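Undergrad: based on what follows, work out the 3D shape:
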Amino acid sequence: MATVAGNIVKALHANGIDRVYGLPGDSLNAFTDALRRDGTIRWLHVRHEESAAFAAAADAALTGQLAVVAASCGPGNLHLINGLFDANRSRVPVLAIAAHIPTAQIGTGYFQETHPQKLFRECSVYVEYVADPQQMPRLLEIAMRAAIEQRGVAVLVIPGDVALAEIGDNRAVVIERSQPVIVPSDAELDKAAGLLDAARKVTILAGAGVEGAHDEVVALADRLAAPIVHSLRGKEFIEYDNPFDVGMTGLLGFASGYRAMDAADALLVLGSDFPYEQFYPEHATTIQVDIRGSQLGRRHPLDLGLVGDAGATAAALLPRLAVRDDRRHLDDATAHYRKTRAKLDELAVPAKRTRPIHPQYLTRLLNEQAAADAIFTADVGSPTVWAARYLSMTEGRRLIGSFTHGSMANALLHGIGAQVSHPHRQVVALAGDGGLSMMLGELLTLTQNALPVKTIVVNNSSLNFIELEMKAAGFVTYGTGLANPSFAAIAEAMGIFARRVERSEDLPHALREVLDHDGPALLDVVTERQELSMPPAIEAAQVRGFALYAIRTVMSGRGDELLDLARANWRQLL
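TA: Residues are numbered from 1 along each chain as shown. Reported below is the predicted structural model:
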């Protein structure tokens, strides 16, 4: 007898899916037993359903293929939600099989009862409840196609008794992603070319939408004599082999990226949903290209919005543009970038023997020692700042993070999915101490599944980026300290090779040991708590905020904190 659960597994296998992330539970028994009976799909057992969803998100982001996650009813479903929010907002295809309580008990306040359709609605492009076996396999096909075509999360809510029921149609349809090439109309392209040709200083802002369009965007920048500023999510796709790159803008960015946009009288936004309004130039002509028309003008007023693929649109624009002889804007922007880059590199040096390690130095060494095709994941907060500024991309490297949803604890969880999907690549999770301790149990997932993820812990005994935000807003830091154990000792107890480093002179060798280890490994690095990650442009409100923080800190009897702050950052302040 073919069951609904068996048909789901059959369809997943037919579509080339060979792994499912999840945590078992009685309401999920039909599905997990169908996996066992089939034997062709690997069950990736994690210690928390949130981890399964984040791992699936990274898997989908790196492969471009549908990733699958499963969870039991009630709390199991609820644990999925944060990771599914991350996947959906990162626009990666994930299918979630969400078990439900027995059909006859729905609406009675039964043990573990929730309303999954409502819970998942905001973090998905499609969610549906399977109430009758006759709805399958059609709902599964609709869900898979929605996730693939809309690049988001699709959820099927299935009671355990329905999953065990006999299915009438045991077909397995292969869902192939369509590959349309979308280009604006000739009239729109001509208008864009006219606006760009009329401008003296053009800057390009490139986002995640330029994936696969590196060469077309670089050629367009050459024709326009335009510096290329990238968003954080665009970094991995446009930074490498790019003579027009001038770094990032935004709160984590470079002064050069900020200046290149601020000085422009025309801004061409390619595949970016960069959200920070204050970093857009106020008086520049702005043209935005996005595959989703609904995104146009969401962040900044436009003079022209174009619906199209970034690469195809760049290629179509190129022959319409006049060759630009005046390259002074480009030359000025790239020269400023070189100076900015040099200043950042001056901060990435060993600390004095008595001081904790500068996180910039750690990340610079990691950049130098990691593989040319390494996959990096970074926790939200200060690890993302240092990754953005000190990890350089190559054509083979990738950088994954919760860059839109902004969830803590993502680095290790994303690292799991990255390593599962790319077992022969070096995967490095740059984790904050707060993030890692939040989901510490997932280190056991590495050992249980033999995943050689390298976890680098930025251990500053604090929720460091939150402290920085408090200082900038004028608040005395409160509730942000972390009483940390030795993460290396914990990792070793879990069967993971580990090293702990407290002084700069010991760091290069320890990092090399961890990266070279054949298996999961962890490096616990004690870093400077008071290190400031300065934004590219400091607003008057932030200056007032820091001054107010200093006054309040002294008044509260914590003046020694200001001395520590000054000692840690004298390199940046002088």
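Undergrad: only C-alpha atoms for contact and neighbour calcs from this point on.
TA: Noted.
Undergrad: pLDDT-wise, which helix or strand of this structure ranks last?
TA: For the chain, using mean pLDDT, DSSP states H and E, the weakest element among its helices and strands is helix 540-555, scoring a mean of 47.
Undergrad: off-centre distance for the top helix by length along the chain?
TA: Of all the segments of type helix in the chain, defined by DSSP state H, the longest one is helix 328-347. Put simply, helix 328-347 sits 26 Å off its chain's centre (CA atoms, centre = their mean, to the nearest Å).
Undergrad: which other helices and strands does that helix contact?
TA: strand 245-248, helix 255-262 (3 or more CA pairs under 8 Å, 6 or more residues apart in numbering; DSSP states H and E).
Undergrad: can you name the next helix or strand after that helix?
TA: With elements assigned by DSSP states H and E, the helix or strand that comes after helix 328-347 is helix 359-369.
Undergrad: which other helices and strands contact that following helix?
TA: helix 382-390, helix 507-516.
Undergrad: centroid-nearest residue for the chain?
TA: In the chain, the residue lying closest to the centroid (CA atoms, centre = their mean) is residue 401, at 2.2 Å.
Undergrad: doesn't residue 383 make contact with that residue?
TA: No - with contact defined as CA atoms under 8 Å, residue 401 does not count as touching residue 383 (10.1 Å).
Undergrad: hang on, the earlier thing: ok and the longest helix of the chain relative to helix 382-390, angle-wise?
TA: 130 degrees (axes from the mean of the first three to the mean of the last three CA atoms, to 10 degrees).
Undergrad: could I get helix 328-347 in PDB with only the CA atoms?
TA: The C-alpha trace of helix 328-347 is given here as PDB (Å, rounded to 0.1, in the frame of the first residue of the first chain):
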ATOM      1  CA  ARG A 328      37.900  61.300 -12.800                       C
ATOM      2  CA  HIS A 329      35.000  60.200 -10.600                       C
ATOM      3  CA  LEU A 330      36.100  56.500 -11.000                       C
ATOM      4  CA  ASP A 331      39.700  57.400 -10.400                       C
ATOM      5  CA  ASP A 332      38.900  59.400  -7.300                       C
ATOM      6  CA  ALA A 333      36.700  56.700  -5.900                       C
ATOM      7  CA  THR A 334      39.200  53.900  -6.400                       C
ATOM      8  CA  ALA A 335      42.000  56.000  -5.000                       C
ATOM      9  CA  HIS A 336      39.900  56.700  -1.900                       C
ATOM     10  CA  TYR A 337      39.100  53.000  -1.600                       C
ATOM     11  CA  ARG A 338      42.800  52.100  -1.600                       C
ATOM     12  CA  LYS A 339      43.400  54.600   1.200                       C
ATOM     13  CA  THR A 340      40.400  53.300   3.100                       C
ATOM     14  CA  ARG A 341      41.500  49.700   2.600                       C
ATOM     15  CA  ALA A 342      45.000  50.600   3.900                       C
ATOM     16  CA  LYS A 343      43.600  52.200   7.000                       C
ATOM     17  CA  LEU A 344      41.400  49.200   7.700                       C
ATOM     18  CA  ASP A 345      44.400  46.900   7.200                       C
ATOM     19  CA  GLU A 346      46.400  49.000   9.700                       C
ATOM     20  CA  LEU A 347      43.900  48.000  12.400                       C
END
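Undergrad: tell me which residues in it are buried?
TA: Going by neighbour count (16 or more other CA atoms under 10 Å), the buried part of helix 328-347 is 329, 330, 333, 334, 336, 337, 340, 341, 347.
Undergrad: please produce TSV containing the residues you listed, extended by distance to residue 190 and pLDDT.
TA: TSV is the format used below for those (distance: CA to CA, whole Å; pLDDT from 0 to 100):
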residue	distance to residue 190	pLDDT
329	23	97
330	23	97
333	27	96
334	29	97
336	32	93
337	32	93
340	36	88
341	37	92
347	46	86
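Undergrad: return the member of those nearest to residue 47.
TA: residue 347 (38.4 Å; CA to CA).
Undergrad: in this protein, where is pLDDT below threshold?
TA: Scanning the chain for pLDDT under 70 picks out the ranges 472, 532-574.
Undergrad: switch to 80 and redo it
TA: By pLDDT under 80, the low-scoring segments of the chain are 250-251, 464-478, 530-574.
Undergrad: what are the ranges of the helices in the stretch 1-150 of the chain?
TA: Secondary structure of the stretch 1-150 of the chain (DSSP state H, counting those that start in this stretch): helices at 4-14, 29-38, 49-63, 75-89, 116-121, 138-150.
Undergrad: for these, which one sits closest to residue 241?
TA: helix 49-63 (20.4 Å).
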